[in-house]
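Visitor: predicted model and sequence below, questions to follow.
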Amino acid sequence: YGHDDNNPTTTNNSILWIHHAGWMVSLIVAIGVSITLRYYQRRKGTSSQTADHLQDPFLFQSIHFAAWLTVVEAMATDLFGMTLWARMGGDGPSMNNSSWATHTFLCGNFGILLLHHAWLRDRGGRSSALDCLEQMIQITMLRGAQSGGVVTYQPTAGGAGGLKAIRRRFVNKKRTDLSKELRKRVGLSSNLPTDFFPFMQGHTRFATSSISTLEGTHPHQWTPPTTRRIYNFQSNKFQDQIVENFITHNGDLDFYQLNGKTYDVEIVLKWLAKVLHVPAPASVDSMGIAGLVDLIRCQGSFALSARYAIALAMANATMDDQKEYPSTLLLDKIAVFLEECWNSFVATMPPEQKKTLDDGTPWSDSITFRTQLATAVSDKLSKRTDLCQPLMDMGFLSNNVEDSNSIYAFSVATVHAFLDNDLFYTIQVFLKNAKGSFGLTASSSLDAHRRLVIAARGQTVSFLNHYQYFSTAFEKPNWTNIVVCFVVRCPLPFIQTRA
């Protein structure tokens, strides 16, 4: 367990407030219910319809019992730390372990990062990973079990096309167990490359502002799987890869800011449908996060980077759902042009400029390289009226070099997005401009072999590490290729760990 080292007193006080607020409010409500029931019971024989209803002994006792049962349950868990870790099996935290039993808050997000393939293999007909997944779902079901889903990633056939996502969702029925139904549906193969470490990213939902439907069930994806030309920064080559992104979200997306103006989530959803040229799969607010992730996460793709530059990075960008936005065909033509510029520019670079910089960063991070590339792109693009004129007609580009939406400004924004906008940067940009409450996980087929992003604002993050238990039975897992990125911006920034 960790806390805010800069202000541990504030953090601990906030934790105490969260714990004790629940049972105290439950107690106050129960006392109020008891007083109210006694009041109406004394009015026996009056003309009050409410008083007549409460003369039914069964109804009276049921309401009274339910109110005080809630108090007992709240005090047991929040005051005395009697959590339900026994449901997870094994040697869970005890009531005496205050760093666990009293510092546990539940939300709908859950997931597993597997560091060894042995967890996927059957033992007596059961998989350890799926056993753990089922138990985690049982815990998150305590805050809502109307529906749920899990997404995993696996290499495509032959491995040349990168990764493909496998999403399974289920809307719970009257006599079904959500944890067991999702376990049955998760398609995670045990036959994986030795250097690929899969994860399972999931969410259980209790619909608070909409009805429970399959379309509204997490994990959310706006844009369906699309094959794109992606630059591999390790092999320094472009190749076709499947691009698809998923998010799970606990909280609310209320507004998004762009160039000093704030937009309501309903406007954001309509605008995303225009920019992405894909209708919103669902009207829930979390779908807006999925769409923004599709828009911002564009590293390695010139088509996606050009779209991002036009929609979000330019100084004249607005979320105007009445405007016309570049078609996929036009963006693909721009991408072909930009790829040619990249290849010709990089080919002429002397070998010493392609070495890692003194501070250990890649050569592509050099400001000199980026400026020179953007200048070369701008000079060539200004001569391609077939590419520039449609963007000028839509109001996105200007021939005037002094304008904030000049061809050079567009070239700079596109180059930076092509080099920088990985999944971690994407979530940073989103949280910087989004207004609301967020417990968020994000993944992408372009990053899933090495990266999962977990972010929070106004919520806490828990991370359970089974490394020591695991390494006693198997050889040590390889951590070198695994990156779990945390973006935590909340009044209680702490991560729980258990070795």
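Guide: That came through fine.
Visitor: what residues of stretch 142-152 count as buried?
Guide: 144-152 (16 or more other Cβ atoms under 10 Å). From N, CA and C alone the C-beta is placed, and that goes for glycine too.
Visitor: so residue 259 touches residue 318, yeah?
Guide: Yes. If you go by Cβ atoms under 8 Å, residue 259 and residue 318 touch, sitting 7.0 Å apart.
Visitor: could I get the average pLDDT for the helix or strand hosting residue 32?
Guide: Under the criterion of DSSP states H and E, residue 32 resides in helix 8-42. The average pLDDT for helix 8-42 rounds to 74.
Visitor: tell me the contacts of residue 340?
Guide: Taking Cβ atoms under 8 Å, 6 or more residues apart in numbering, we find residue 340 in contact with no residue.
Visitor: going forward, begin numbering at 31 instead of 1
Guide: Done: numbering now begins at 31, and the last item shifts to residue 370.
Visitor: that one: which element?
Guide: Residue 370 is part of helix 358-377, with elements assigned from DSSP H and E.
Visitor: mind exporting that helix as PDB, just the C-alpha atoms?
Guide: Output in PDB follows, covering the C-alpha atoms of helix 358-377 (Å, rounded to 0.1, in the frame of the first residue of the first chain):
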ATOM      1  CA  THR A 358     -11.100   8.100 -45.300                       C
ATOM      2  CA  LEU A 359     -10.100   8.100 -49.000                       C
ATOM      3  CA  LEU A 360      -8.600  11.600 -48.800                       C
ATOM      4  CA  LEU A 361      -6.700  10.700 -45.500                       C
ATOM      5  CA  ASP A 362      -5.300   7.600 -47.100                       C
ATOM      6  CA  LYS A 363      -4.000   9.600 -50.100                       C
ATOM      7  CA  ILE A 364      -2.400  12.100 -47.700                       C
ATOM      8  CA  ALA A 365      -0.900   9.100 -45.800                       C
ATOM      9  CA  VAL A 366       0.700   7.700 -49.000                       C
ATOM     10  CA  PHE A 367       2.200  11.100 -49.700                       C
ATOM     11  CA  LEU A 368       3.500  11.500 -46.200                       C
ATOM     12  CA  GLU A 369       5.000   8.000 -46.200                       C
ATOM     13  CA  GLU A 370       6.900   8.800 -49.300                       C
ATOM     14  CA  CYS A 371       8.200  12.000 -47.700                       C
ATOM     15  CA  TRP A 372       9.300  10.000 -44.600                       C
ATOM     16  CA  ASN A 373      11.100   7.300 -46.500                       C
ATOM     17  CA  SER A 374      12.900   9.800 -48.800                       C
ATOM     18  CA  PHE A 375      13.900  12.100 -45.900                       C
ATOM     19  CA  VAL A 376      15.100   9.300 -43.600                       C
ATOM     20  CA  ALA A 377      17.000   7.600 -46.500                       C
END
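Visitor: quick check: buried residues in that helix?
Guide: 360-365, 367-369, 371-372, 375.
Visitor: residue 158: which of these is nearest?
Guide: Checking the buried residues of helix 358-377 against residue 158 with Cβ to Cβ, the nearest one is residue 365 at 43.4 Å.
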